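Novice: can you look at this prediction? I've put the sequence above it.
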Amino acid sequence: ETGVTQSPTHLIKTRGQQVTLRCSSQSGHNTVSWYQQALGQGPQFIFQYYREEENGRGNFPPRFSGLQFPNYSSELNVNALELDDSALYLCASSPDGTLYRELFFGEGSRLTVL
Amino acid sequence: KQEVTQIPAALSVPEGENLVLNCSFTDSAIYNLQWFRQDPGKGLTSLLLIQSSQREQTSGRLNASLDKSSGRSTLYIAASQPGDSATYLCAVRSGPDSGGGADGLTFGKGTHLIIQP
């Protein structure tokens, strides 16, 4: 069984640029969520996709957007990058969209904004 | 708004000791609580999931308890080993009225654990 995989593992961008991060969910999982983890902090919920539709969002501005594809893989897009966007971005998948589900995380994408 | 606090922030103990990590949350209206392990610069590994109707879950040397009414959970690690060194994160899934973001997990900042050989 393949776990959650994310790409790229590391990337460096400059302020104002745009970035796309990718996630392949664990086999059989139809729900994907994204989290941002700043250094020394716990992860913060960005948004969630269930069957290709966003069905939950945390306190992040609209320049954070996403997609989920028919194979349940997902993208996180961040426009107009700011220095504070530097963080580890974590993708998590779960086998269903119920409130009682367990989340399984990938290794993350480390974004540095200069 | 749901808030999760983990105490202590850091802990260093000799190998072989039993230890307890604490997690508290402000809104008791949760669906479940999940404990994770995070190695430096890595993703999160799920350790235990406790549903709101459950009191505890066990996996190997790990035991997690949940007291929803008092807003507390503990993670007990028996016979600690150097390989247990990591940051341990607690997260709760609250209802949409808790203000933490509909349907997402709310995390604590973690307990950084070092097991001395």
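Specialist: Yes, it's here.
Novice: can you give me the strands in chain B?
Specialist: B:4-7, B:10-14, B:19-25, B:30-38, B:44-51, B:56-59, B:62-67, B:72-77, B:86-94, B:105-107, B:111-116 (DSSP state E).
Novice: which one of these lies nearest to A:Gly106?
Specialist: For those, the distance to A:Gly106 is smallest for strand B:44-51, at 8.8 Å, taking Cβ to Cβ. Where C-beta positions appear, they are placed from N, C-alpha and C, glycine not excepted.
Novice: what residues does chain A put near chain B?
Specialist: By Cβ under 8 Å from any Cβ of the partner chain, the residues of chain A that approach chain B are A:4, A:6, A:33, A:35, A:40-48, A:55-59, A:88, A:90, A:92, A:99-100, A:102-108, A:110.
Novice: what residues of stretch B:78-86 count as buried?
Specialist: Applying a neighbour-count criterion of 16 or more other Cβ atoms under 10 Å in any protein chain shown, the buried positions in stretch B:78-86 are B:80, B:84-86.
Novice: not counting sequence-adjacent ones, nearest residue to the residue nearest in space to the middle of chain B?
Specialist: Taking Cα atoms, centre = their mean as the criterion, B:Cys90 is the residue nearest the geometric centre of chain B, at 3.1 Å. Leaving aside its sequence neighbours, B:Cys90 sits nearest to B:Cys23 (Cβ to Cβ, 6 or more residues apart in numbering or on different chains; 3.5 Å).
Novice: am I right that that neighbour is in contact with B:Ile30?
Specialist: No. Judged on Cβ atoms under 8 Å, B:Cys23 makes no contact with B:Ile30 at a distance of 11.4 Å.
Novice: between these two, which one's more packed in?
Specialist: Neighbours were counted for B:Cys23 and for B:Ile30 using other Cβ atoms under 10 Å in any protein chain shown; B:Cys23 has more, 26 against 23.
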